[in-house]
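[1] Pasting the sequence and the predicted coordinates here, then a few questions.
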Amino acid sequence: MNLKAMLVDDEVHILNNLKQVIPWEELDIEVFLARNGMEALELASAERPDLILCDIRMPVMDGMAFLREYRKIDSDCEIIMLTGYEEFEYARVALQHGVRDYISKPINYEELEETVRNIVGLIRAHKLEKMVAERRWGRVVRLAYEKMMFDQLMGYSLINERYVISEADQNVDDLEYALFLVDLDGYSQRSTAWNDNERKLWNFAVNNVLQEALHDCHIKYAALQTREGEWCLIVQFFKGMLPLREEKAMSWAAKLREAVKQNVKFTVSVGIEHGPIRLDGLSEAYKNIQRLLLVNPLSEQIISVKNKSHDHSNPTVSEWQLIEDIVSGLRHCDRAKIERTLQSLQSNLLAMSEQSLVRAERLLHYVVIHLLREMREMDVISTKEEEAVWKNLQHSVSVKDLLQMIAELVHRSTDAALNKKSSELLMISAKDYITRNLSSDIGIEEIADHLGISCSYFSLLFKNHFGETFVEYLTKQRMELAKSLLLMSDKSITQIGSLVGYLERRYFTKVFQKYTGMTPSEYRERKDAGI
């Protein structure tokens, strides 16, 4: 952290001694010189030094006059006054005007160096504290914005206020959006072979890439993980700037696709809604793009909603609504709704099969894949059960068999959801929230508020469910993720620390060493040495 210091004295030999005796370069401090208060005031106003060493008695403008004038400009700069013995009373007045310390002439340079080192330490600590506070506030704003956009996207809430959260409050009526949906190709089938930690790591890696992918495009956007293997990028514009031009939209989509391919070695498909989309239209736009990608199962594709003509072989809106109703019934453990919807779907398919048996089979394949991903998100299907479904789908199955498979899936999953206690469901939601926010400064109050319960009740449930405290669990998740990133990525230790929620490298190293018995550097070196 580079600092600036200014030395002010009308005696040239003292000025030179101050510059040469104190190890400014070692302290990583850039030094400026001035011969009187007027010259110092002009230079300090331009350079804004962090530390000033200033004599009291000088021509043109003395140190006391300089002090009074400069405090009108900068109240934070640390100042050491240099004074002769007979000017002790001046030094006392200077201390009352925000001077950190005074040094009597003739100067004891060892004493001065020790004083400078102590003050420089205080300056750096204050700057770091301020930087951390600013970052935390920035994260609070960003997380609040992303939470609001996620709720809108998933249809959880309606915005009654006329403003949205951002760096500055903005009127809802002044904003419109474009949407990019990124889907990992073949994720549902591929991820069945992964354990929980592997799924978490790969999703985290892709999420991190997408968070930064459009950074240099200088646009306001939120990259939100909507479910495993799927992310939605909501790009914000002022009214009248949309729709996105086709070439720009395709360029951004290609950038997202290439970023994931290069950094994570996975292929993705991207669906685009060019906008303009109003805030209350995000949920429907998201569903439209999701459906578009589902019915176009090729890999590494970029599909634009506005350029996709209606395909009569694809499911209709009413059929998609039946699929959504099945998922909704499952989420709310509503057996009656599921039964009604399955009957309606079966009736539709009976009529459809007379026109196109292939279309009916295709639709049911979409339903099964869609349900599998939703069930995994809800933690109501085991890996073994999921593998069995994929094994069945690899064979040619009839419409009747597919309908039976869907019915068995939703009924079995509904039973699993009903058998879970309400406290267990809360802890599943807590686990998901922690996984999504590992890089953020999250705490018990935030998660308890998200779940709608008290902090004390949350702590009790968490300890009973996971067998460890929230802090112990959070630290473990962060450290395991950090270990994986150290082994699998070339990011710096500071970057990895930030990715797992530690802004300060020194603290990250301390926690990591306590958890693993070695520093992050030592852990990475063991991998490089093949140990």
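    Looks like it came in fine. Quick caveat, the model's predicted, so the values are computed rather than measured.
[2] Other residues contacting stretch 270-279?
    152, 159, 164, 172, 175-183, 237, 239, 242-244, 246, 249-250, 253, 256-257, 285, 288-290, 292-293, 301-306 (C-beta atoms under 8 Å, 6 or more residues apart in numbering). Any C-beta I mention is one placed from the backbone N, CA and C, and that applies to glycine too.
[3] I'd like the average pLDDT over that stretch.
    Here stretch 270-279 scores 89 as its mean pLDDT.
[4] hey, C-alpha coordinates of it in CSV?
    Extracted C-alpha coordinates of stretch 270-279, given in CSV (Å, rounded to 0.1, in the frame of the first residue of the first chain):
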residue,chain,number,x,y,z
VAL,A,270,-26.9,-19.4,-24.2
GLY,A,271,-30.5,-18.1,-24.7
ILE,A,272,-31.1,-14.4,-25.3
GLU,A,273,-34.1,-12.2,-24.7
HIS,A,274,-33.2,-8.8,-26.3
GLY,A,275,-35.7,-6.8,-24.3
PRO,A,276,-37.0,-4.3,-23.4
ILE,A,277,-38.2,-6.3,-20.4
ARG,A,278,-39.9,-4.5,-17.5
LEU,A,279,-39.0,-5.5,-13.9
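[5] what comes up buried for that stretch?
    270, 271, 272, 273, 274, 275, 276, 277, 279 (16 or more other C-beta atoms under 10 Å).
[6] one step back: whichever of the contacts of stretch 270-279 end up buried, select them in ChimeraX.
    Here is the ChimeraX selection string for the buried members of the contacts of stretch 270-279, based on 16+ other C-beta under 10 Å:
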select :152,164,175,176,177,178,179,180,181,182,183,237,242,244,249,250,253,256,257,285,288,289,290,292,293,301,302,303,304,305
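[7] separation between residue 213 and residue 260?
    8 Å (C-beta to C-beta, to the nearest Å).
[8] packing partners for the longest helix along the chain?
    Longest helix in the chain, counting residues (DSSP state H): helix 109-153. With contacts taken as 3 or more C-beta pairs under 8 Å, 6 or more residues apart in numbering; DSSP states H and E, helix 109-153 sits against strand 3-8, helix 12-21, strand 51-55, strand 78-84, strand 101-105, strand 220-227, strand 230-238, helix 282-294.
[9] Show me how far it is from its chain's centre.
    Remark: helix 109-153 is offset 18 Å from the chain centroid, using C-alpha atoms, centre = their mean, to the nearest Å.
[10] same deal with stretch 37-45?
    Averaging C-alpha positions (C-alpha atoms, centre = their mean) puts stretch 37-45 43 Å from its chain's average.
[11] show me where pLDDT drops low in the stretch 201-350 of the chain?
    295, 297, 306-320, 349-350 (pLDDT under 70).
[12] Please enumerate the helices of it.
    246-264, 282-294, 317-331, 335-355 (DSSP state H, counting those that start in this stretch).
[13] okay, these in JSON lines with distance to residue 127 next?
    Compiled in JSON lines, the helices of the stretch 201-350 of the chain are given as follows (distance: least, C-beta to C-beta, whole Å):
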{"stretch": "helix 246-264", "distance to residue 127": "32"}
{"stretch": "helix 282-294", "distance to residue 127": "40"}
{"stretch": "helix 317-331", "distance to residue 127": "48"}
{"stretch": "helix 335-355", "distance to residue 127": "58"}
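[14] between these, which one is nearest to residue 367?
    helix 317-331 (5.5 Å; C-beta to C-beta).
[15] Packing partners of that closest one?
    So helix 317-331, by 3+ C-beta pairs under 8 Å, 6+ apart, packs with helix 282-294, helix 335-355, helix 357-378, helix 399-419.
[16] Now do the longest helix of the chain against strand 3-8, angle only.
    140 degrees (axes from the mean of the first three to the mean of the last three C-alpha atoms, to 10 degrees).
[17] ok, residue 371 - contacts?
    With C-beta under 8 Å, 6+ apart, residue 371 has these contacts: 326, 327, 330, 406, 409, 410.
[18] can you do 7 Å?
    Residue 371 makes contacts with 326, 327, 406, 409, 410, as judged by C-beta atoms under 7 Å, 6 or more residues apart in numbering.
[19] and the one helix or strand residue 506 maps to, average pLDDT?
    Using DSSP states H and E, residue 506 falls within helix 505-516. Averaged over helix 505-516, pLDDT sits at 90.
[20] Name the residues of it that come out as buried.
    Buried residues in helix 505-516 (16+ other C-beta under 10 Å): 505, 508, 509, 511, 512, 516.
[21] by contact count, what packs against the helix or strand hosting residue 68?
    For residue 68, the host element (DSSP H and E) is helix 63-70. Applying 3 or more C-beta pairs under 7 Å, 6 or more residues apart in numbering; DSSP states H and E, we find helix 63-70 packed against helix 37-47, strand 51-55, helix 88-96.
[22] Walk me through the domains of this protein.
    3-128, 173-307, 317-419, 424-528 (automatic domain parsing).
[23] Out of these, flag the one nearest residue 147.
    The nearest among the domains of the chain, by C-beta to C-beta, is domain 424-528 at 8.3 Å.
[24] gap between the closest one and the chain center?
    Distance, centroid of domain 424-528 to centroid of chain: 14 Å (C-alpha atoms, centre = their mean).
[25] cool, and stretch 200-219?
    Counting by C-alpha atoms, centre = their mean, stretch 200-219 comes out at 9 Å from the chain centroid.
[26] So what touches it?
    Residues contacting stretch 200-219 (C-beta under 7 Å, 6+ apart): 182, 184, 221, 223, 225, 228, 231, 233, 235, 252, 255-256, 259-260, 263-264, 266, 435, 481, 484, 499.
[27] correct me, but residue 326 touches residue 411?
    No: with contact defined as C-beta atoms under 7 Å, residue 326 does not reach residue 411; the gap is 11.1 Å.
[28] Tell me which of these two has more neighbours.
    The neighbour comparison of residue 326 against residue 411 (other C-beta atoms under 10 Å) goes to residue 326, with 24 against 15.
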